[in-house]
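K.L.:
3D, please:
(2 chains)
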Amino acid sequence: MERSNDQVANLLQEYADLIAITGGDAFKARVYEKAARSVGGYAGDIAKMDAGELRRIPNVGTSIAAKIDEFLRTGAIHQLEELRGKIPAGVRRLTVIPSLGPKKAVMLYHELGIDSIESLEGAIRAGLLHDLHGFGAKTEENLLHGIELMHKAGERVDLGVGMSAAEEIVAALLQVPGCERCVYAGSLRRMKDTIGDIDVLATAREPAALMDAFTRLPTTGEVIAHGDTKTSVRTVAGLQVDLRVVPADSWGAALQYFTGSKAHNIRTREIAVHKKLKLSEYGLFDVTTGEKIASTDEADVYGMLGLPWIPPTLREDSGEIEAALRGELPRIVAETDLRGDLHTHTNLTDGLASLEEMAAAAAERGYAYFAITDHAPELYMQRMTDEKALAQREQVRKLDGAYGGMRLLHGTELNIDPEGDVDWPPEFLAGFDLCVASLHSHFTQPREETTRRLLRACENPHIKIIGHPTARVIGRREPVDADWDTVFTACARTGTALEIDAFPERLDLPAGLVRRASGKGVLFAVDSDAHAVPHLANMRYGVATAQRGWLTADQVINAWPLDRLLRFLQADRP
DNA sequence: GCCGTTTTCGGCCCGACTGTTTTCAGTCG
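P.N.:
Below is the predicted model of the structure:
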């Protein structure tokens, strides 16, 4: 099942939204929001906690602890149900449209009865918003653009959402008696940054029983199709999941086939044809004799085609077949190659966990080094000051080595302002072990300005990593427009690494740009950008993005040994 | 509704930007 922490975090966030949308106390709404983040980011399992223990979670007091407790015991929170009754769910969903908040959403509902994104789109096109106070031509345009952005992402979900759904389903199916093997395949196995549907592959002694069990999982909302070898359902969250049961001796061929991509499979089947073979999900066959020559193991299938096994993250027909034929497939970076994390936050700014908690969790992951990079003063809301930064540095120095010998680095995440300048002057930056610099505003500057801005950051000798370079949020915010090739050239020349931010809604730099930058000799840092202990585990998504960008461990600075990393961080600094 | 205390009430991240308005509300980070 989904972590209780996440379930409760979602409910508390919904409660906060409903307070805001029904015109409740804004401060109260904010408290629920803060509590939602605290619970979602809490390292312990709340399902095992009583009301008293729950209150020890930051921002959880008597009232919220009681609500959580009620949910854990009964599966519902009655006050939440009451609020839900006051406003249609579609109205709350309107606020996912950028630039549309609770105030406008509820106004649209009360004035025009708009209770869904579809009805909003219709109303705008019908000109019904013209007479509404506070809605001008530009607002309509922005709303339509926001809706378009969401349509473009379609019904797809981000990699993190897809992965947790898939892992939950696979784990449940493996518990069904008679289920022998069960894995997810498709775009999820290729770790694409968004997932349209989930493909699950299984072998079972009694396929029909497994199919039946699948239709009855708690995650299953509706059954779309129910057959002998394939069953499709839609989860309660609206995600389509296809389960295919295959014969055990077809496992490898089926896994290859259902992992895709379509373009990659076309290429492998072409290769088979040239060798007078036929490749299908049932196996690789000799056309003349009809004999099956490979099928149980994926590597055998590739092997009989004259190819090495190709990692799923490379299977996009973007040159991997040619590279494989030449024996030049890269040894792509693996999560186990990473020796540290270079972009993380604590509760000194907008993180949830203390420096000690973050460091302890990092050490548990086996890291040799770990950088704390809290926000700098220019993000006013974080209330960072010189004094706080220096006090944190002292604390970092004191704790250095205290967690299994792990090296603690004191860094900061600077804000790149519209001109390309950052929060602190060079002499103050010189005191940090590491400076990450990122865009946090002015995302819609023209290409030339954004490019100049990023170039200026690269030229700053103290800045060694550009954080989440495109600033995109998948399905919510477009990447900034920059002349990336110029930026990449500057990064390579100045020794500035580009980050691959591992948050599943970011995955930024995106894989396509990673590959382009890699070609220009740029180095990378795969970072969690963790704001809480559980976020440290997002690293897998960042690594997958690095793989999809064809990176080797040598191109990733946090896969380097400490001494090499430190030399890189010190290079060219005055 | 939570927190911290100058402990039972007052403050709560705060400034910028946008689009609308004509002095400001809503949204965002």
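K.L.:
For residue A:492, give me phi and psi.
P.N.:
Backbone geometry at residue A:492, expressed as degrees, to the nearest 10, gives phi -60, psi -40.
K.L.:
Model confidence score at it, please.
P.N.:
Looking at residue A:492, its pLDDT stands at 97.
K.L.:
and the stretch 351-500 of chain A, which residues reach DNA strand B?
P.N.:
A:379, A:380, A:381, A:382, A:383, A:418, A:440, A:441, A:442, A:444, A:473, A:477 (CB under 7 Å from any atom of the strand). Every residue, glycine included, has its C-beta placed from N, CA and C.
K.L.:
May I see the buried residues of stretch A:565-574?
P.N.:
The neighbour-count check on stretch A:565-574 (16 or more other CB atoms under 10 Å) flags A:565, A:566, A:568, A:569 as buried.
K.L.:
Doesn't the third one lie inside a helix?
P.N.:
I take that to be residue A:568. Yes - assignment of residue A:568 by DSSP: H, G, I helix; E, B strand; the rest coil places it within a helix.
K.L.:
and the gap between the nearest residue to it once chain neighbours are set aside and DNA strand B?
P.N.:
What sits nearest to residue A:568 in space, not counting adjacent residues and going by CB to CB, 6 or more residues apart in numbering, is residue A:557, at 5.7 Å. Going from residue A:557 to DNA strand B by CB to the nearest atom of the strand, to the nearest Å gives 25 Å.
K.L.:
Check residue A:460 too.
P.N.:
20 Å.
K.L.:
Next up, the contacts around the closest residue to that residue other than its chain neighbours.
P.N.:
Distances taken as CB to CB, 6+ apart place residue A:422 nearest to residue A:460, at 6.6 Å, with adjacent residues excluded. Residues in contact with residue A:422 (CB atoms under 8 Å, 6 or more residues apart in numbering) are A:376, A:378, A:414, A:415, A:416, A:429, A:435, A:437, A:457, A:460, A:463.
K.L.:
Just the buried ones from these, in ChimeraX syntax?
P.N.:
Only the buried entries of the contacts of residue A:422 go into this ChimeraX selection, using 16+ other CB under 10 Å:
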select /A:376,378,414,415,416,429,435,437,457,460,463
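K.L.:
Which single one of the contacts of residue A:422 is nearest to DNA strand B?
P.N.:
residue A:415 (8.5 Å; CB to the nearest atom of the strand).
K.L.:
And the pLDDT at the closest one?
P.N.:
Confidence score, pLDDT, at residue A:415: 93.
K.L.:
just residue A:153 next, same as before
P.N.:
59.
K.L.:
For the residue nearest to residue A:460, which three-state class applies?
P.N.:
Here residue A:422 is recorded as coil under three-state DSSP.
K.L.:
Let me know the pLDDT of it.
P.N.:
93.
K.L.:
any idea how far it is from DNA strand B?
P.N.:
Residue A:422 is 15 Å from DNA strand B, by CB to the nearest atom of the strand.
K.L.:
Now that residue: phi and psi?
P.N.:
Dihedral angles for residue A:422 - degrees, to the nearest 10 - are phi -120, psi 180.
K.L.:
again, but for residue A:91
P.N.:
phi -70, psi -40.
K.L.:
Can you name the helix or strand that the closest residue to it other than its chain neighbours falls in?
P.N.:
Among residues not flanking residue A:91 along the chain, residue A:109 sits closest, at 4.7 Å (CB to CB, 6+ apart). Using DSSP states H and E, residue A:109 maps to helix A:102-112.
K.L.:
What's the first helix or strand after that helix?
P.N.:
With DSSP H and E, the next secondary element past helix A:102-112 is helix A:117-125.
K.L.:
for that following helix, packing partners?
P.N.:
Contacts defined by 3 or more CB pairs under 8 Å, 6 or more residues apart in numbering; DSSP states H and E place helix A:117-125 against helix A:89-94, helix A:102-112, helix A:137-153.
K.L.:
can you give me the angle it makes with helix A:137-153?
P.N.:
140 degrees (axes from the mean of the first three to the mean of the last three CA atoms, to 10 degrees).
K.L.:
What strand or helix carries residue A:30?
P.N.:
Using DSSP H and E, the element containing residue A:30 is helix A:26-40.
K.L.:
Could you list the buried residues of the following helix or strand past that helix?
P.N.:
Later in the chain than helix A:26-40, the nearest helix or strand by DSSP H and E is helix A:51-54. The neighbour-count check on helix A:51-54 (16+ other CB under 10 Å) flags A:51, A:54 as buried.
K.L.:
which secondary structure elements does the helix or strand following helix A:51-54 contact?
P.N.:
Sequence-wise, the next helix or strand downstream of helix A:51-54 (DSSP H and E) is helix A:62-74. Contact here means 3+ CB pairs under 8 Å, 6+ apart; on that basis helix A:62-74 packs against helix A:4-21, helix A:26-40, helix A:51-54, helix A:78-86.
K.L.:
From residue A:141, how far out is residue A:437?
P.N.:
According to CB to CB, to the nearest Å, residue A:437 and residue A:141 sit 32 Å apart.
K.L.:
could you dump the helices and strands packed on helix A:62-74 to a markdown table with distance to residue A:493?
P.N.:
Below are the helices and strands packed on helix A:62-74 laid out as a markdown table (distance: least, CB to CB, whole Å):
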| stretch | distance to residue A:493 |
| --- | --- |
| helix A:4-21 | 43 |
| helix A:26-40 | 40 |
| helix A:51-54 | 53 |
| helix A:78-86 | 55 |
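K.L.:
so which of those helices comes closest to residue A:400?
P.N.:
When the helices and strands packed on helix A:62-74 are compared by CB to CB, helix A:26-40 sits nearest residue A:400, at 27.7 Å.
K.L.:
Which residue does chain A have closest to DNA strand B?
P.N.:
Of all residues in chain A, the one sitting closest to DNA strand B is residue A:136 (1.7 Å; CB to the nearest atom of the strand).
K.L.:
Centre of the chain to stretch A:173-187, how far?
P.N.:
24 Å (CA atoms, centre = their mean, to the nearest Å).
K.L.:
Quick check: end-to-end length of it?
P.N.:
Counting by CA to CA, to the nearest Å, you get 20 Å between the two ends of stretch A:173-187.
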